[in-house]
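Undergrad: show me how the following folds:
(2 chains)
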There are 2 protein chains.
Amino acid sequence: MAQNVYAVTIWTCYLLYYEYNYISAKRIECFYSSKPQPHQFTILVRGIPVSQGSSVSDSVDKFFSEYYPSTYLSHMVVRRTNKLRGLIGESKKLYKRITHLQSDPNQQRAGCCGCLGLFRRHRADLVDQCEKKLGDLEENVRMQQSEVSSSEEETRAAFVSFKSQYAAATVFHLQQSVNPTEWVTERAPEPNDVYWPFFSSSFMKRWIYKIVVIVACILLTILFLIPVVIVQGLTNLNQLEVLFPFLTSILKITFVSSVITGYLPSLILQLFLKSVPPIMEFLSSIQGYIAHSEIIKSACNKVIWFTIWNVFFATVFSGTVLYQVSIFLDPKSIPARLAVAVPAQASFFIAYVVTSGWTSAATELFRVIPFICSLLRRPCAGNTEELEIPTIPYHRDIPRILFFGLLGTTYFFLAPLILPFLLIYFCLAFIIFRNQFINVYRSNNETGGRFWPNVHNSMIFSLVLMHAIAVGIFTLKKLSMASTLIFPLPVLTLLFNEYCRKRFLPIFSSYSAESLIKKDRQDENDPSMPEFFSKLVSAYQDPALMPIQYSSGRDDTRTTPLLSTEAEAEAEAEDGDGDGDGEEAHRF
Amino acid sequence: MAQNVYAVTIWTCYLLYYEYNYISAKRIECFYSSKPQPHQFTILVRGIPVSQGSSVSDSVDKFFSEYYPSTYLSHMVVRRTNKLRGLIGESKKLYKRITHLQSDPNQQRAGCCGCLGLFRRHRADLVDQCEKKLGDLEENVRMQQSEVSSSEEETRAAFVSFKSQYAAATVFHLQQSVNPTEWVTERAPEPNDVYWPFFSSSFMKRWIYKIVVIVACILLTILFLIPVVIVQGLTNLNQLEVLFPFLTSILKITFVSSVITGYLPSLILQLFLKSVPPIMEFLSSIQGYIAHSEIIKSACNKVIWFTIWNVFFATVFSGTVLYQVSIFLDPKSIPARLAVAVPAQASFFIAYVVTSGWTSAATELFRVIPFICSLLRRPCAGNTEELEIPTIPYHRDIPRILFFGLLGTTYFFLAPLILPFLLIYFCLAFIIFRNQFINVYRSNNETGGRFWPNVHNSMIFSLVLMHAIAVGIFTLKKLSMASTLIFPLPVLTLLFNEYCRKRFLPIFSSYSAESLIKKDRQDENDPSMPEFFSKLVSAYQDPALMPIQYSSGRDDTRTTPLLSTEAEAEAEAEDGDGDGDGEEAHRF
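TA: Model prediction:
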């Protein structure tokens, strides 16, 4: 037994090392081969101190011109545009409605309303009304925009661009000000990845938000156990019969009882779990991250630990919240308790792989839920052939896959029956996600393999958990030799993890001076650089401050209507991304 | 009660904040007013990759000339000089002996040997013999030096100097190579603070040493409990009577019993504790630190936690090692157990303050132990008026003072009687250490307030421990209201600590870009800079590779004898520092 555990651990660690190495190499390769991108030349500066009578913009300009005269290029102060964003959202909606009303007058509600003439007149009135309203709104937006640009709506944050990537990196890595809470630097996200709504300005405020979010996460994790406990109750027929005696006759039917014990619990759990990724995304979004990708990454991490705690431990140690917490306050006894509890839940987890894993892979392929949603929405919104190209919800899928990894690692020697089910799931998932990545989803930003460290950590955790269970089981079976043999294994695994952290993790957090300088020299010879720099100056313009033009006046100022070319539509969709309201749409 | 705890916590935190702020400001002020110093312009690079056929020196030169052509100044590869250092140590000793023999022939052993003529002839023979031996040794040293300089004795580490402090800081802060285990940068210590003996070259080796040291520290901490438990047994007369029944009659005498319970235990503990700082210093020295000051700092940290664990917890929870560990494996019950155990030991700790604190302060003033040592050594070494100027053993004194801080914080509401004793100790210590700093010790290197974060952390730990005890006591006394009121306090204290970490700690780990650039500009106008740079090139020369000249040949090559001027002696003492063998001596 012990040698099995050793063999699997060594093999897993070898694969993890190999993969980390491979992904690091890919990441560096990708960096070298990439075109120069605005976020590589830019940093975000927060906590800008402002002296009396001067603006944030002046302050930034003064500071960087003084200390980085040779490399400083430009800056863009972040402004409070929440109100403006609301107005723009409204006018977008209105504009959509108008085009919807105008676009297909013949088919429009022809089925439900016979008196076409009357309807048409009513429609024309409606369009006029809407257009007028839109005009007003746009006027309002323009006024607000000029107000925001000129007045004191500056936050104490700014995107500062430099003439080389190396210069940006040095400014990012060094503490800028004598007071470490001022001129705090952060890596800038890609321009269309910036999460504009949240630019909490002060250092303290951000920090308090972070603590609040941590507390909220803990509360959510604890409160979530209630449905899980109920679900767990359902897998136990006896308990059910005691609670609902009138069900006894129905539960005697083999089919019903097998559905209830085998399938229903994990389905209910599944439905509850569905709500977790959006909640975690929301929590991450108020935590003060400045990029959508960062929010997703943080949410992904939260969901991983949430899943491990609330699906694995809550199912294994089914019981009250206090009981679970008490187990973790008594760490000595964890292996013994795991050894008793984990094998008992093998059948549940096999069912879980089928219900959650296989089903999710299948629904992923057919995108059942978005399909149903669009079916439901179509009659209301009309069939204007609107189709959103979705982004992949990493924070929903990665934790699920990792959780199956954890199940595979912990159950491989307790209930090997789970392995074929998992293998089928992983094969399915590989094929399906490959397809989805290539054909279905659009990528919002370049992740650059930044999720791998999370995957690695979760696998290491799985291994250590597996060792704890193995120790517990060997002790239970009185194989003291085997359990003693296992003891060095978690220590060695953690040392391996520590080595990987030293060897690979820095590559994922920043690029080395060597590569940055090489890339800068390479870029110097690029003839397109002056053009790139001129674009860079305005790359981090808040999309809410871009001029908008929807109303009838569009034909006066711009000769091409907005919807004419796909390129334009795409540009608009990108603005929408920046807005972060998910209303962006490619139109075909 | 609860409001007392609140008041003391708030007051302590206020003082901690004030002091952190003050010391940070002082640190920055000191930086601005300092003359340019070699370590500010230099970094240490480790893990230098060497391609086939080229040397480390070439590799460094190539890398930095390529990537930092405008700021790179020079480098100095570190060489393996352990053997050489041994030879130099030997010749130094021999040289000392010769001067000792020559210097004062009349007084020499006049007391113990009457036949002066015989002795004188014998002495002359001895001097001749020694001089010959010294000449051989020096020849050997010179040969070794040339061997080391020319051949393959290079380690994969080098000191690299730059033309500005800002350039050195950027290189230090950025990951240099694509492979994070190569070209690893570290801050360079002051030239005379470098700890030459330990330059373990590879990344892996260093890392393994670190783990070994951590394990050794844990083992030491656990093994140390054995004498502490014995000591603890001595404070308990009944136990003693059971163990040694023949002592019963003696123990009945009030004076004997009061000495045994009140004074003896802490004296024995004290003697054992005396051995800890040197052991920790040794462990830190093999951990891979490159500077004496770093070793002392790390040893100081180790001794702090060692003292808290082995004096505080071991005394409070007197019992077996396993019992103590089991307490910490059951964190729920810690406050309740503390509430029972801590007040019971109040009298022991009051005695401890007197025996350890007052006594140590007094012995510090009179330097009793060095005095006794020198008295003992004098008859053997002769009275050649050798006097070492000692450096202050931070790792011995800071932990002691911090431990008294911990006692004051935890006992102020349990046994306020301890407070006047502590107050007297702190007053004494303030006056005595002030005197010692000014009049007795020499400073080996500028600490720049770098010990303050340790002090801060230890005080925060004391506060949280005090809260835990308060909760336990209030629960024991069934003051549930008070114990509930205390609960937010440790959380708030930790948040305060977190804030201080963000607000002040970065100032202690590195200087900001703003100050570096300002300082660089200030230096540019300094007319002494070219001279400074020319010195900088050879500042990090290993003292073992400096030319030595002790033997009779000294009058040929150098016109001034080595011992003539004090300046020379001081320069030599500095070399000695670099050697780290503690044999350096100012001679008067």
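Undergrad: list the residues that contact A:Ala362.
TA: A:Leu428 (Cβ atoms under 8 Å, 6 or more residues apart in numbering or on different chains). Where you see a C-beta, it was placed from the backbone N, CA and C, and this is true even at glycine.
Undergrad: in which helix or strand does it reside?
TA: helix A:359-366 (DSSP states H and E).
Undergrad: do the same with A:Val160
TA: Counting by DSSP H and E, A:Val160 is part of strand A:154-162.
Undergrad: quick check: residues of the stretch 1-150 of chain A near chain B?
TA: A:Ile28, A:Tyr67 (Cβ under 8 Å from any Cβ of the partner chain).
Undergrad: low-confidence ranges, the stretch 1-150 of chain A, go.
TA: A:1, A:103-120, A:150 (pLDDT under 70).
Undergrad: hmm, 80 instead?
TA: In the predicted model of the stretch 1-150 of chain A, residues A:1-2, A:80-85, A:96-124, A:126-127, A:130-131, A:143-150 satisfy pLDDT under 80.
Undergrad: quick one, helices of it?
TA: Per DSSP state H, counting those that start in this stretch, the stretch 1-150 of chain A carries helices over the ranges A:2-33, A:56-67, A:82-103, A:116-150.
Undergrad: rebuild those helices as TSV, extending it with mean neighbour count.
TA: As requested, these are exported to TSV (neighbours: other Cβ atoms under 10 Å in any protein chain shown):
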stretch	mean neighbour count
helix A:2-33	15
helix A:56-67	18
helix A:82-103	17
helix A:116-150	15
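Undergrad: distance to A:Lys478 for those helices - can I get that in CSV?
TA: Formatted as CSV, these follow (distance: least, Cβ to Cβ, whole Å):
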stretch, distance to A:Lys478
helix A:2-33, 14
helix A:56-67, 69
helix A:82-103, 65
helix A:116-150, 73
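Undergrad: how far does the helix or strand just after the strand holding A:Val160 sit from the chain's center?
TA: Next in sequence after strand A:154-162, counting helices and strands by DSSP H and E, comes helix A:165-173. In terms of Cα atoms, centre = their mean, to the nearest Å, the centre of helix A:165-173 is found 27 Å from the chain centre.
Undergrad: which stretches of chain A form strands?
TA: Ranges of strands within chain A are A:42-46, A:72-79, A:154-162, A:184-187, A:386-387, A:586-587, based on DSSP state E.
Undergrad: any idea which of those strands is most buried?
TA: The highest mean neighbour count among the strands of chain A, using mean count of other Cβ atoms under 10 Å in any protein chain shown, belongs to strand A:42-46: a mean of 25.
Undergrad: quick one: which of the strands of chain A is nearest B:Tyr441?
TA: strand A:184-187 (39.3 Å; Cβ to Cβ).
Undergrad: would you mind listing what in the stretch 451-588 of chain A touches chain B?
TA: Checking the stretch 451-588 of chain A against chain B by Cβ under 8 Å from any Cβ, the hits are A:495, A:499, A:502-507, A:510-517.
Undergrad: how does it look with 7 Å?
TA: Taking Cβ under 7 Å from any Cβ of the partner chain as the criterion, the stretch 451-588 of chain A approaches chain B at residues A:Lys502, A:Arg503, A:Pro506, A:Ile507, A:Ser510, A:Ser512, A:Ala513, A:Glu514, A:Ser515, A:Ile517.
Undergrad: export these to JSON lines and tack on neighbour count?
TA: Shown next, in JSON lines, are those (neighbours: other Cβ under 10 Å):
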{"residue": "A:Lys502", "neighbour count": "15"}
{"residue": "A:Arg503", "neighbour count": "18"}
{"residue": "A:Pro506", "neighbour count": "18"}
{"residue": "A:Ile507", "neighbour count": "24"}
{"residue": "A:Ser510", "neighbour count": "16"}
{"residue": "A:Ser512", "neighbour count": "22"}
{"residue": "A:Ala513", "neighbour count": "24"}
{"residue": "A:Glu514", "neighbour count": "20"}
{"residue": "A:Ser515", "neighbour count": "20"}
{"residue": "A:Ile517", "neighbour count": "19"}
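Undergrad: what's the most distant pair in those?
TA: Between all members of these, the farthest pair (by Cβ to Cβ) comes out as A:Lys502 and A:Ile517, at 23.0 Å.
Undergrad: quick one, helices of the stretch 201-350 of chain A?
TA: Here the stretch 201-350 of chain A has its helices, by DSSP H, counting those that start in this stretch, at A:203-223, A:225-234, A:237-243, A:248-252, A:254-262, A:264-274, A:276-285, A:292-307, A:314-316, A:321-328, A:334-344, A:346-352.
Undergrad: what would those look like in a markdown table with mean pLDDT, distance to A:Glu182 and mean neighbour count?
TA: Shown next, in a markdown table, are the helices of the stretch 201-350 of chain A (pLDDT from 0 to 100; distance: least, Cβ to Cβ, whole Å; neighbours: other Cβ atoms under 10 Å in any protein chain shown):
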| stretch | mean pLDDT | distance to A:Glu182 | mean neighbour count |
| --- | --- | --- | --- |
| helix A:203-223 | 82 | 8 | 14 |
| helix A:225-234 | 65 | 43 | 17 |
| helix A:237-243 | 69 | 60 | 13 |
| helix A:248-252 | 74 | 67 | 12 |
| helix A:254-262 | 73 | 60 | 13 |
| helix A:264-274 | 73 | 43 | 18 |
| helix A:276-285 | 87 | 25 | 20 |
| helix A:292-307 | 89 | 22 | 22 |
| helix A:314-316 | 75 | 44 | 23 |
| helix A:321-328 | 64 | 40 | 14 |
| helix A:334-344 | 79 | 45 | 18 |
| helix A:346-352 | 82 | 50 | 21 |
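Undergrad: separation between A:Ile398 and A:Phe433?
TA: Noted for A:Ile398: a distance of 10 Å to A:Phe433, by Cβ to Cβ, to the nearest Å.
Undergrad: ugh, typo on my part, it should be A:Glu281
TA: Distance from A:Glu281 to A:Phe433, by Cβ to Cβ: 20 Å.
Undergrad: A:Ile389: neighbour count?
TA: 11 (other Cβ atoms under 10 Å in any protein chain shown).
Undergrad: isn't it right up against A:Asn444?
TA: No: assessed by Cβ atoms under 7 Å, A:Ile389 is found out of contact with A:Asn444, at 10.2 Å.
Undergrad: closest one to B:Arg97 among the strands of chain A?
TA: strand A:184-187 (59.7 Å).
Undergrad: contacting residues around A:Phe172?
TA: A:Ile43, A:Thr185, A:Arg187 (Cβ atoms under 7 Å, 6 or more residues apart in numbering or on different chains).
Undergrad: what are the C-alpha coordinates of stretch A:16-34, in PDB please?
TA: Extracted C-alpha coordinates of stretch A:16-34, given in PDB (Å, rounded to 0.1, in the frame of the first residue of the first chain):
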ATOM      1  CA  LEU A  16       3.600  18.800 -12.000                       C
ATOM      2  CA  TYR A  17       7.300  19.700 -12.400                       C
ATOM      3  CA  TYR A  18       7.300  18.900 -16.100                       C
ATOM      4  CA  GLU A  19       4.200  20.900 -16.700                       C
ATOM      5  CA  TYR A  20       5.300  23.900 -14.700                       C
ATOM      6  CA  ASN A  21       8.500  23.900 -16.600                       C
ATOM      7  CA  TYR A  22       6.700  23.600 -19.900                       C
ATOM      8  CA  ILE A  23       4.200  26.300 -19.200                       C
ATOM      9  CA  SER A  24       7.000  28.700 -17.900                       C
ATOM     10  CA  ALA A  25       8.900  28.100 -21.100                       C
ATOM     11  CA  LYS A  26       5.700  28.800 -23.200                       C
ATOM     12  CA  ARG A  27       5.000  31.900 -21.200                       C
ATOM     13  CA  ILE A  28       8.500  33.300 -21.900                       C
ATOM     14  CA  GLU A  29       8.300  32.300 -25.500                       C
ATOM     15  CA  CYS A  30       4.900  34.000 -25.800                       C
ATOM     16  CA  PHE A  31       6.400  37.200 -24.300                       C
ATOM     17  CA  TYR A  32       9.300  37.300 -26.800                       C
ATOM     18  CA  SER A  33       7.000  36.700 -29.800                       C
ATOM     19  CA  SER A  34       4.300  39.200 -28.800                       C
END
